[in-house]
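test case, fold it:
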Amino acid sequence: MKNLFNMDNPVFQTLSRIADLAVLSVICLLCCLPVVTIGPALVALNKTVYDLTIDRGGSILRTYFRAFRGNLRQGMITGMFGLLALAALVCDFLLLRLYYTGNAYTLLVCLVYVLGFLVAGVLSYMLPLIGRYENKLSQHFQNALILSIRYLPKTVAMVFLHILPLLLALFLPNMLVFTLPFWMFFGLGFFAQSDAFLLRPVFEMLERPQPEPQEELADENEEEYED
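Okay, here's the model as predicted:
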């Protein structure tokens, strides 16, 4: 009975995480309202939720706004790139519906879908990379492109989760209406938490210390000596 009210109890930890994600979702949503700040708002959200995932201490509000200010420029450029790419793809899709039919329409629409997936996949890596590492924006883009291809199953999972509300709107609108409060108050935090779980092994692999060449040479010499 005493352990039931222990703050280290898994139930309390789960409730605390849900509350943190709800607070961060609302704050991120408010920070996205000026539109031009969508990028840094999402960068800060990914950074804060990832720190929660690896149990890094600190106030979530302090962590969020520090990451927001520190990545304002790169986040704004990335956010505007994502919005422009999305707008271009939507326009292409509408034009294809107007002017093409048959096999040509099918082929070109599939190309638009592939490009949309590529943009979404790169952004899924790029936003967390900006918040976690200091680098030039061009290098972040290159790293995100490489990671999105190298870890394709994770990329597919992240993109699917990110567009889940859109899929519900297209195929299960009643379900979207039923779950609308969840998407409004927990959606952004849910996306960031899912990304954090998927990206944690990737970041741990990238940050794993590499063995020194001299140590490798010494190990090889030792193996030859034993032979």
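
which residues of this protein fall in helices?
10-32, 38-53, 60-70, 72-99, 102-132, 137-150, 152-162, 164-171, 173-185, 187-206, 213-226 (DSSP state H).

of the ones you listed, which stretch is the most buried?
Of these, the one with the most neighbours on average (mean count of other C-beta atoms under 10 Å) is helix 38-53, at a mean of 25. (C-beta placed from N, C-alpha, C; glycine too.)

just to revisit the earlier point, okay if I get the helices of the chain as CSV plus mean pLDDT?
Formatted as CSV, the helices of the chain follow (pLDDT from 0 to 100):
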stretch, mean pLDDT
helix 10-32, 89
helix 38-53, 94
helix 60-70, 94
helix 72-99, 93
helix 102-132, 93
helix 137-150, 95
helix 152-162, 96
helix 164-171, 92
helix 173-185, 91
helix 187-206, 93
helix 213-226, 47
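
just give the nearest non-adjacent residue to the most centrally placed residue in the chain, would you?
Central residue of the chain (C-alpha atoms, centre = their mean): Ser124, 4.0 Å from the mean position. Using C-beta to C-beta, 6 or more residues apart in numbering and skipping residues adjacent in sequence, the residue nearest Ser124 is Met158, 4.4 Å away.

which ones are touching the one you found?
Going by C-beta atoms under 8 Å, 6 or more residues apart in numbering, Met158 touches Gly121, Ser124, Ser194, Asp195, Leu198.

from those residues, pick the one nearest Gln74.
Using C-beta to C-beta, Ser124 comes nearest to Gln74 of the contacts of Met158, at 16.0 Å.

you'd agree that closest one is up against Leu147?
No. At 9.2 Å, Ser124 does not count as touching Leu147 under the criterion of C-beta atoms under 8 Å.

any residues in contact with both of these two?
In contact with both Ser124 and Leu147: no residue, using C-beta under 8 Å, 6+ apart.

so what's Leu137 closest to, chain neighbours aside?
The nearest residue in space to Leu137 (C-beta to C-beta, 6+ apart) is Gln74, at 5.2 Å.

that neighbour and Leu129 touch, don't they?
No. Using C-beta under 8 Å, Gln74 is not in contact with Leu129, being 9.9 Å away.

name the residues contacting each of these two.
His140.

tell me the pLDDT of Asn9.
Listed pLDDT for Asn9 reads 68.

for Thr155, see how far away the residue nearest to Leu137 is.
21 Å (C-beta to C-beta, to the nearest Å).

now do Ser59
Ser59 is 32 Å from Thr155, by C-beta to C-beta.

then Thr78?
Using C-beta to C-beta, Thr78 is found at 17 Å from Thr155.

repeat that for Arg69.
29 Å.

what's near enough to touch Ala19?
Listed by C-beta under 8 Å, 6+ apart, the contact set of Ala19 is empty.
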